[in-house]
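A.B. asks: sequence plus predicted model, see below.
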There are 2 protein chains.
Amino acid sequence: MDQPVVFINDSFVPAAAAALPVADLALQRGYGIFDFFKTVHNKPVFLDDHLRRFYQSADQMRLPVRQSPAALKAVIHELIQRNNIPDAGIRISCTGGITGDGYSITSPNLVITQQPLSPLAADAFEKGLTLLSYNHQRQLPEIKTIDYLMAIWLQPLVQQQQADDLLYFRHGLVTECPRANIFIVTEDDTVVTPGRNILKGITRKHVLQLAQDLYKVAERDVTLDELRTAKEVFICSTTKYILPVLQLDGAPVGNGRPGAATAKLNEVLRAYVHSLCH
Amino acid sequence: MDQPVVFINDSFVPAAAAALPVADLALQRGYGIFDFFKTVHNKPVFLDDHLRRFYQSADQMRLPVRQSPAALKAVIHELIQRNNIPDAGIRISCTGGITGDGYSITSPNLVITQQPLSPLAADAFEKGLTLLSYNHQRQLPEIKTIDYLMAIWLQPLVQQQQADDLLYFRHGLVTECPRANIFIVTEDDTVVTPGRNILKGITRKHVLQLAQDLYKVAERDVTLDELRTAKEVFICSTTKYILPVLQLDGAPVGNGRPGAATAKLNEVLRAYVHSLCH
């Protein structure tokens, strides 16, 4: 395969040449935002949602984006066409820009990269996930910043505990996984997901909408205890669709097998994405 | 002045060419560490302390540094000689490195930059600082990570409140400013500074050592209330030496003027640094 191109600020460059000055505020002070979406058969999935959130994140972090959403969309379509990586992840980043004093936002750098996305393992759904609960609240949770310090720092703990990922909680309330939203299904088949102190995922939004036709749904606080004893637990994300959570902290959750509502919602979500991309 | 050189991984490059790939984990996930020290008359101040902390930060973040401390020291001395910026700040950074999956640490990038350091305003000590208290605990506080998300995000609030900087507290206990340590002087002339949930500054260490010959000193919890009613309050940092804190949240602290112990310690610290660099 040819080397993919990367868009930086106002031009396409080969991926190997895609670099930012060491004086950028993202490198100096971890200050930047991004969004991430996938393409299926070269069609971007939920692009308008992701662009809306990207501009919201930028705005909340006082990072001006030079391009209009329409202009950025045209760039993304050109990137998709040039790279021709049908099933890919696309990341749009906006950094604090080169800073003289190492502290002030100047002129942000915009970077759009595309990478092939490996399909999920065929047994990913059946195998489900093992999560490890961890007492942590992300900073500025509703903004999609580049701050994944704790998630990456904790990877050895995750591996040592033979878990797949973390589940953050604070004051007894579960919030989210580092890169996925969490849901439970209650005994009366209500689909519930935390509604605050989280990043509101785009997949989460569509799962909630799709679930409304099938189940009662609620956005409300969920305690760690409620999650441990829920009928079903699942996560959703851009790359994973829906995956059942079958273990938490070494103990089974639900009946230890993927639940009926989890399977149904995954099927409906996949069919919906498929219908948008074919 | 010629353009300063920057050291990246194993070579010196002109500052304008100093860049890191957009796939670096620092840009992708805010994952990196650094240290920062100053030179006075081309002599690095407390270099061994800063190098020790740099390697500790790297180790705690699982970022291998290719160079030995001795090799890095030689590089720093060469940088100082090449750039000849007698009064400068030098920043050593170590990032997570280029990452394929956008999440895993690979081969870290090492960057050493040097920039001129403006002298403090002549009336900086007399004017003192106005701080704004803010309920926040930094993540991994004892590691010098690049995470300054909250500090930079809060700059408009700091300016709006006509403050100079933030003072973080959590559960009623003060911890630190984003880039400085905080001290109080009690009625009985004990010099007190918080001892946990902070970055242990190098200047802080030397202030504690120098203060021991002159006052009682203690590292212990300090409540926000105790600070508000302390006889004197001051901060210290690499670039600021010691500066009195004269206001907190719009109200005067101490008697609203630089205190005797604060002035004495600043004088002793400056004389000590001077003695090391002449």
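C.D. replies: Arrived safely. Residues are numbered from 1 along each chain as shown, chains lettered A, B, ... in the order given.
A.B. asks: neighbouring contacts of the one helix or strand residue A:79 maps to?
C.D. replies: Here residue A:79 sits within helix A:69-83, counting by DSSP states H and E. With C-beta atoms under 8 Å, 6 or more residues apart in numbering or on different chains as the test, helix A:69-83 has contacts from A:4-5, A:7, A:12, A:39, A:42, A:44, A:47, A:51-52, A:54-55, A:65, A:67, A:88, A:90, A:92, A:112, A:114. Where C-beta positions appear, they are placed from N, C-alpha and C, glycine not excepted.
A.B. asks: and the strands in the stretch 101-250 of chain A?
C.D. replies: Counting by DSSP state E, counting those that start in this stretch, the stretch 101-250 of chain A has strands at residues A:110-116, A:129-135, A:165-170, A:173-174, A:181-185, A:190-193, A:216-219, A:232-237, A:241-248.
A.B. asks: which of those sits closest to residue B:168?
C.D. replies: Proximity to residue B:168 (C-beta to C-beta) singles out strand A:165-170 among the strands of the stretch 101-250 of chain A, at 17.7 Å.
A.B. asks: does residue A:22 really touch residue B:112, like I thought?
C.D. replies: No - applying C-beta atoms under 8 Å as the test, residue A:22 and residue B:112 come out as separate, 9.6 Å apart.
A.B. asks: and for the two, which residues touch both?
C.D. replies: B:6, B:8, B:93.
A.B. asks: I figured the last one was touching residue B:32, is that so?
C.D. replies: Spelled out, that is residue B:93. Yes - using C-beta under 8 Å, residue B:93 is in contact with residue B:32, at 6.2 Å.
A.B. asks: of those two, who's got more company?
C.D. replies: Of the pair residue B:93 and residue B:32, residue B:32 is the one with more neighbours under other C-beta atoms under 10 Å in any protein chain shown, namely 31 against 23.
A.B. asks: quick check: phi and psi at that one.
C.D. replies: Main-chain torsions, residue B:32, degrees, to the nearest 10: phi -180, psi 170.
A.B. asks: next, the residue nearest in space to the middle of chain A: phi, psi?
C.D. replies: Most central in chain A under C-alpha atoms, centre = their mean is residue A:179, positioned 4.6 Å from the mean C-alpha point. Main-chain dihedrals, residue A:179, degrees, to the nearest 10: phi -130, psi 20.
A.B. asks: hmm, it is touching residue A:237, no?
C.D. replies: Yes - Residue A:179 lies in contact with residue A:237 (C-beta under 8 Å); the separation is 5.8 Å.
A.B. asks: what sits in contact with each of those two?
C.D. replies: Contact criterion C-beta under 8 Å, 6+ apart; residues shared by residue A:179 and residue A:237: none found.
A.B. asks: thinking again about what came up before, wait, what's in contact with the residue nearest to the centre of chain A?
C.D. replies: Contacts of residue A:179 (C-beta under 8 Å, 6+ apart): A:151, A:165, A:237.
A.B. asks: and residue A:239, what are its phi and psi?
C.D. replies: For residue A:239, the backbone dihedrals (degrees, to the nearest 10) come out as phi -80, psi -20.
A.B. asks: let me see the contact set for it.
C.D. replies: Counting by C-beta under 8 Å, 6+ apart, residue A:239 touches A:38, A:89, A:117, A:120.
A.B. asks: residues near the nearest residue to residue A:173 once chain neighbours are set aside, how many?
C.D. replies: Sequence neighbours aside, residue A:221 is the residue nearest to residue A:173 in space, at 5.1 Å (criterion: C-beta to C-beta, 6 or more residues apart in numbering or on different chains). Residue A:221 has 15 neighbouring residues, counting by other C-beta under 10 Å.
A.B. asks: ditto for residue A:5
C.D. replies: As a burial measure, residue A:5 scores 20 neighbours (other C-beta under 10 Å).
A.B. asks: what's the answer for residue A:122, then?
C.D. replies: Neighbour count of residue A:122, defined by other C-beta under 10 Å: 8.
A.B. asks: so what's it scoring on pLDDT?
C.D. replies: With respect to pLDDT, residue A:122 has a value of 95.
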